[in-house]
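K.L.:
this is a predicted model, with the sequence first.
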Amino acid sequence: MNDTPPEQIADALLAWFDRHGRRDLPWQHPRTAYRVWIAEIMLQQTQVTTVVDYFNRFMVRFPDVETLAEAVSDDVMRHWAGLGYYARARNLHAAAQRIVEAHAGELPGDVETLISLPGVGRSTAGAIVAQAFGRWAPILDGNAKRVIARLAAVTATPGTAAYEKPLWQLAERYTPQERVTDYTQAIMDLGATVCTRGRPHCERCPLADRCLAKQAAIQNQLPTRRQRKRREQRETTVLLIEDAQGRILLEKRPPAGIWGGLWSLPEVAADADVEALCTQRYGIRADAGLLLTPLSHTFTHFELTIHPRRMQHRDTVRIMDANHRWFTRDDRPGIPAPIARLLNTPQQSLAL
DNA sequence: GAGACGTGGTA
DNA sequence: TTACCAAGTCT
């Protein structure tokens, strides 16, 4: 246990923040509860530089909670496409509707009520309370975890209770009553810019003198690594079907599972009789399909090899399935990033 | 408690 | 090339 008085930690962090903290992030100007909420959801497992453009586009289209609540799902998903973790967007939309219906369109200002919203956990709730409402609440994002784990030399394995529990305790202990907004921003900024994962810049750290990990020269080893797991290999076949007007047939994916709620190219079993299937489901007479260059995409838990087949047809189109629609290349719904790359690639360079 | 859930950057 | 990871939450 680090026996440095917690107020000294907070003071050192705040003094550092006044000189080096980030004060120009889009969701800080203006710092409304709605904007902070959207930003915190986007920032889950996602770096600031990735989020900024998405956040700005999202705010133009959905400037307030009512606009978001009233939007159709496809529109919300379209603005999230490419950001990943699409359950966040589905939860965000559902939460907006609940905020309008159950909270008179005002974001709750306490941790307990915030956590009851879909997509808001303990860490995000704390961030919203501290950053949007300026009220006392501990936060514990990946940055704060790393800073505190080193400061107090917490050597337990990330993801276990033996790691999470003491970290939350310490987060509460260090969070000051005054300047909570700045303090929470400060500990995240320190983690992002100084107390970085690979080689922390201890020479620039205001807490270096009080850091137990540095004293034990184990700052590079903390937080400890999780044991890696083998990545599964998967294969899938998708159909790239264009109609006479140059429109593309897309398929809405089910809400659960990978790319849930997004639109993608129709997926078929590797051994499917594609000609029969196209006739049945889309009313298209198609040939066996031209095999295109396979495309590999690495997910966290598996590697997916996509085998695109370009189908040709001349017949009148009649889709029998509500989950399939034609879209132009310029006016598409939200589609996954690898599929977007596939559609953006010139066809000549795709053919095998 | 462990696994699912995306993407782009970095070493 | 491969592995790991970033402002986590849900099941």
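P.N.:
Sure, I can see it.
K.L.:
relative to DNA strand B, how far out is residue A:66?
P.N.:
Distance of residue A:66 to DNA strand B, given as C-beta to the nearest atom of the strand, to the nearest Å: 26 Å. (Each C-beta comes from the backbone N, C-alpha and C, glycine too.)
K.L.:
who are the contact partners of that residue?
P.N.:
A:100, A:105 (C-beta atoms under 8 Å, 6 or more residues apart in numbering).
K.L.:
same thing with residue A:260?
P.N.:
Contacts of residue A:260 (C-beta under 8 Å, 6+ apart): A:86, A:87, A:90, A:253, A:254.
K.L.:
which of those residues lies closest to DNA strand C?
P.N.:
residue A:87 (6.4 Å; C-beta to the nearest atom of the strand).
K.L.:
find the nearest non-adjacent residue to the closest one, please.
P.N.:
Leaving aside its chain neighbours, residue A:87 sits nearest to residue A:260 (6.6 Å; criterion: C-beta to C-beta, 6 or more residues apart in numbering).
K.L.:
among the contacts of residue A:260, which ones are buried?
P.N.:
A:86, A:90, A:253 (16 or more other C-beta atoms under 10 Å).
K.L.:
can you pull out the helices in the stretch 1-150 of chain A?
P.N.:
A:6-20, A:33-42, A:48-61, A:65-70, A:73-80, A:87-102, A:111-115, A:122-132, A:142-151 (DSSP state H, counting those that start in this stretch).
K.L.:
export these to TSV and append columns for mean pLDDT and distance to DNA strand C.
P.N.:
TSV is the format used below for the helices of the stretch 1-150 of chain A (pLDDT from 0 to 100; distance: least, C-beta to the nearest atom of the strand, whole Å):
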stretch	mean pLDDT	distance to DNA strand C
helix A:6-20	95	12
helix A:33-42	98	5
helix A:48-61	97	5
helix A:65-70	98	17
helix A:73-80	97	14
helix A:87-102	98	6
helix A:111-115	97	7
helix A:122-132	96	3
helix A:142-151	94	3
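K.L.:
in JSON lines: the ones you listed, plus distance to residue A:234.
P.N.:
Output for those, formatted as JSON lines (distance: least, C-beta to C-beta, whole Å):
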{"stretch": "helix A:6-20", "distance to residue A:234": "44"}
{"stretch": "helix A:33-42", "distance to residue A:234": "28"}
{"stretch": "helix A:48-61", "distance to residue A:234": "25"}
{"stretch": "helix A:65-70", "distance to residue A:234": "34"}
{"stretch": "helix A:73-80", "distance to residue A:234": "23"}
{"stretch": "helix A:87-102", "distance to residue A:234": "20"}
{"stretch": "helix A:111-115", "distance to residue A:234": "34"}
{"stretch": "helix A:122-132", "distance to residue A:234": "31"}
{"stretch": "helix A:142-151", "distance to residue A:234": "28"}
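K.L.:
what sits against the nearest residue to residue A:155 once chain neighbours are set aside?
P.N.:
Computed as C-beta to C-beta, 6+ apart, the closest residue to residue A:155 that is not its neighbour in sequence is residue A:224, at 6.2 Å. Residue A:224 is in contact with A:155, A:156, A:157, A:158, counting by C-beta under 8 Å, 6+ apart.
K.L.:
with residue A:264 instead?
P.N.:
A:238, A:250, A:251, A:253, A:335, A:336, A:339.
K.L.:
any chance you could map the strands in chain A?
P.N.:
A:232-241, A:248-252, A:263-264, A:267-268, A:290-291, A:295-298, A:302-311, A:324-327 (DSSP state E).
K.L.:
okay, now the sheet partners of the fourth one, with direction.
P.N.:
Using DSSP bridges, the neighbouring strands of strand A:267-268 in the sheet come out as strand A:232-241 (antiparallel).
K.L.:
what mean pLDDT does the partner strand get?
P.N.:
For strand A:232-241, mean pLDDT rounds to 91.
K.L.:
quick revisit: relative to residue A:245, which of the helices of the stretch 1-150 of chain A is closest?
P.N.:
Closest approach to residue A:245 among the helices of the stretch 1-150 of chain A (C-beta to C-beta): helix A:73-80, 20.8 Å.
K.L.:
buried ones in that closest one?
P.N.:
Result for helix A:73-80 [16+ other C-beta under 10 Å]: buried residues A:73, A:76, A:77, A:78, A:79, A:80.
K.L.:
which one of the residues you listed is nearest DNA strand B?
P.N.:
Once C-beta to the nearest atom of the strand is applied, the member of the buried residues of helix A:73-80 that ends up nearest DNA strand B is residue A:80, at 9.0 Å.
K.L.:
wait, that closest one sits on residue A:88?
P.N.:
Yes. Using C-beta atoms under 8 Å, residue A:80 is in contact with residue A:88, at 7.2 Å.
K.L.:
between these two, which contacts overlap?
P.N.:
Common neighbours of residue A:80 and residue A:88 (C-beta under 8 Å, 6+ apart) do not exist.
K.L.:
measure residue A:198 to DNA strand C for me?
P.N.:
8 Å.
K.L.:
next one: the closest residue to that residue other than its chain neighbours from DNA strand B, what distance?
P.N.:
Leaving aside its sequence neighbours, residue A:198 sits nearest to residue A:220 (C-beta to C-beta, 6+ apart; 7.9 Å). Residue A:220 is 12 Å from DNA strand B, where distance means C-beta to the nearest atom of the strand.
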